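>>> generate coordinates for the sequence data below:
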Amino acid sequence: MRKLFLLVCLLFIGKTYAQQILSEKERAIVIDEILDDRFNNLLPDLMDSAGLDMWVIISREYNEDPVIKTMLPATWLNARRRTILLFYRNKEKNTIEKLAVARYNVGKNIVSAWDKEQEPDQWKRLVQLISERNPNKIGLNFSKDHNIADGLVKTDYEEFMENLPKKYTSKVVSAQQLAVRWIETRSEREMVIYDQLVDITHDIIAEAFSEKVITPGVTRTSDVVWWMRQKVTDLGLDTWFHPTVDVQRSEKDNASKFYSFADKPDDMVILPGDLMHCDFGITYLRLNTDCQELAYVLKPEETSAPDFLIDGLKDGNRVQDFLTTNMKKGKSGNDILAKSLSEAKAAGLKPSIYTHPLGMYGHSAGTTIGMWDSQGGVMRDDGENYLLNPNTVYAIELNTTVNIPEWNRDIRIMLEEAGFYGEDGFRYVNGRQTELLLIPRVKGHQGN
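The predicted structure follows:
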């Protein structure tokens, strides 16, 4: 009995380590170390690239700017009162000051520069710091085209401008380029961690799409969705969106139609012969994943998926290849989209591409390559001209429509995988699906 207990404990520990989940204390250490690296080694170059020598970020508790949320230390779950951060870059001296016009240091990187007893007015203290440094440009987080770079609320903007000396008002500009670059750019250590995040995501999907969770004829798609949510909670992780699980099957079953993205079926009993699809992502160490994979539910006499579904997945992989081959530094999202769609269609495919930045947010800031309802390109003042930068991560999200004569219908092969675009080109963060998952996994006694 004791041996059995020890074996169970070892299996549990092994599984825990396989998932590579850190304790809360360990996570806090990693988060703060990554922030140290980003503030001291990444931010100066980003400010130089954006042509800003001063960046002022203003936010209030429970109404946080999306950028400031990514800058708070691990022990700060929210801003405190009104938190004002001031970054000043002196390129000639190669220095960067990281100051907080707040009652507290913001972690160990951003030092409090406000003594309320000496200067009771927070805005006046901010103006003193600005005047002492006499910046050429003052970047604020307002933006028409980038939601994540538009975190400065109206009241804080008005108070800032009312208190700012007139000689500086003409120097106030949008910090949208800097804000987007801060959000989209990944450090070397973050990419090591990202591989583990996507690996965890793949493991959860593989378990969800298995006989451990699914009993054909009994289990419903909603059961799998809630299993995934519970699994994430049990592992001590979070998810940034509610997962979806859906099925496509032969038209003669009259229960699986070619639905639109805005009208997916909510709940279906999973049956042998179904092509299953999920959309699932996790949040861990302030990074996010976003993954769509496919599984096939074996019929009693089968030991593999039908060739027409295997070929359909290959077509989906071909669309991925057209897209990722066209991801080049300095290209706009619209240019990449148009070229990829054109080449895929010329190859006889029926593609749809809607790839988005991925990182500190699930639908993050950066180069958008199509939307599912905007295959002609993303039309906004700056969005179509926002160029692809290195050291960025994307959810390579797309589908291709495939006609299945055996099912008397069209189906969509929908795929999504995390991909990294670096100085040396594109790679998948943790691989991609090239084979259908099988439910149940094939055992030696299966088949006739």
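>>> from here on, just use CA atoms for contacts and neighbour counts.
Noted.
>>> contacting residues for Val442?
Thr303, Ser304 (CA atoms under 8 Å, 6 or more residues apart in numbering).
>>> how near is it to Ser304?
8 Å (CA to CA, to the nearest Å).
>>> so where's the stretch 301-448 of the chain uncertain?
Within the stretch 301-448 of the chain, the segments meeting pLDDT under 70 span 380-384, 445-448.
>>> what do you get if the cut-off is 50, keeping everything else the same?
Residue ranges of the stretch 301-448 of the chain with pLDDT under 50: 383-384, 448.
>>> so Ile353 sits right up against Thr368, yeah?
No. Contact criterion CA atoms under 8 Å: Ile353 and Thr368 do not qualify, at 10.3 Å.
>>> got a pLDDT number for the spatially closest residue to Lys137 that is not a sequence neighbour?
Once flanking residues are discounted, Lys137 sits nearest to Lys171: 4.8 Å by CA to CA, 6 or more residues apart in numbering. Note on Lys171: pLDDT of 96.
>>> list the contacts of Lys171.
Lys171 is in contact with Asn136, Lys137, Ile138, counting by CA under 8 Å, 6+ apart.
>>> in the sheet, who's paired with the last one?
Meaning Ile138. Under the criterion DSSP bridges, Ile138 forms beta bridges with Met54, Val172.
>>> what strand or helix carries Thr324?
Following DSSP states H and E, one finds Thr324 within helix 307-325.
>>> all helices of the chain, in order?
Ranges of helices in the chain, per DSSP state H, are 2-19, 24-37, 43-50, 66-69, 122-133, 154-163, 166-169, 176-184, 188-208, 221-234, 307-325, 333-346.
>>> let me have those helices in JSON lines, extended by distance to Asp115 and mean neighbour count.
Shown next, in JSON lines, are the helices of the chain (distance: least, CA to CA, whole Å; neighbours: other CA atoms under 10 Å):
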{"stretch": "helix 2-19", "distance to Asp115": "46", "mean neighbour count": "11"}
{"stretch": "helix 24-37", "distance to Asp115": "25", "mean neighbour count": "15"}
{"stretch": "helix 43-50", "distance to Asp115": "26", "mean neighbour count": "18"}
{"stretch": "helix 66-69", "distance to Asp115": "22", "mean neighbour count": "19"}
{"stretch": "helix 122-133", "distance to Asp115": "9", "mean neighbour count": "16"}
{"stretch": "helix 154-163", "distance to Asp115": "18", "mean neighbour count": "12"}
{"stretch": "helix 166-169", "distance to Asp115": "24", "mean neighbour count": "12"}
{"stretch": "helix 176-184", "distance to Asp115": "28", "mean neighbour count": "23"}
{"stretch": "helix 188-208", "distance to Asp115": "35", "mean neighbour count": "18"}
{"stretch": "helix 221-234", "distance to Asp115": "42", "mean neighbour count": "18"}
{"stretch": "helix 307-325", "distance to Asp115": "52", "mean neighbour count": "19"}
{"stretch": "helix 333-346", "distance to Asp115": "46", "mean neighbour count": "19"}
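>>> with distance to Val269 added, can I get these in a markdown table?
Listed next are those as a markdown table, based on distance: least, CA to CA, whole Å:
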| stretch | distance to Val269 |
| --- | --- |
| helix 2-19 | 29 |
| helix 24-37 | 38 |
| helix 43-50 | 51 |
| helix 66-69 | 40 |
| helix 122-133 | 60 |
| helix 154-163 | 49 |
| helix 166-169 | 62 |
| helix 176-184 | 40 |
| helix 188-208 | 15 |
| helix 221-234 | 6 |
| helix 307-325 | 20 |
| helix 333-346 | 34 |
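>>> Asn430 is nearest to which of those?
Minimum separation from Asn430 across the helices of the chain (CA to CA) falls at helix 188-208, 5.4 Å.
>>> other residues contacting that closest one?
In this structure, residues lying in contact with helix 188-208 by CA under 8 Å, 6+ apart are 19-20, 34, 213-214, 224, 227-228, 231, 280-282, 284, 287-289, 291, 293, 418, 429-430, 437.
>>> do you know how far Leu99 is from Arg181?
Distance, Leu99 to Arg181, using CA to CA: 20 Å.
>>> now Thr401, nearest residue through space, not along the chain?
With sequence-adjacent residues excluded and distances taken as CA to CA, 6+ apart, Thr401 is closest to Arg412, at 4.5 Å.
>>> burial measure for Ala305, as a count.
Residues near Ala305, counting by other CA atoms under 10 Å, number 21.
>>> tell me who's in contact with it.
Residues counted as contacts of Ala305 (CA under 8 Å, 6+ apart) are Tyr296, Leu298, Leu436, Leu438.
>>> Serialize those residues to a markdown table and add fields for neighbour count.
Compiled in a markdown table, these are given as follows (neighbours: other CA atoms under 10 Å):
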| residue | neighbour count |
| --- | --- |
| Tyr296 | 26 |
| Leu298 | 22 |
| Leu436 | 18 |
| Leu438 | 21 |
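>>> return the closest of those with respect to Asn399.
Nearest to Asn399 among these, counting by CA to CA, is Leu436 at 15.2 Å.
>>> so the closest one is in contact with Ile310, correct?
Yes. The pair Leu436 / Ile310 is scored as a contact, 7.1 Å apart, by CA under 8 Å.
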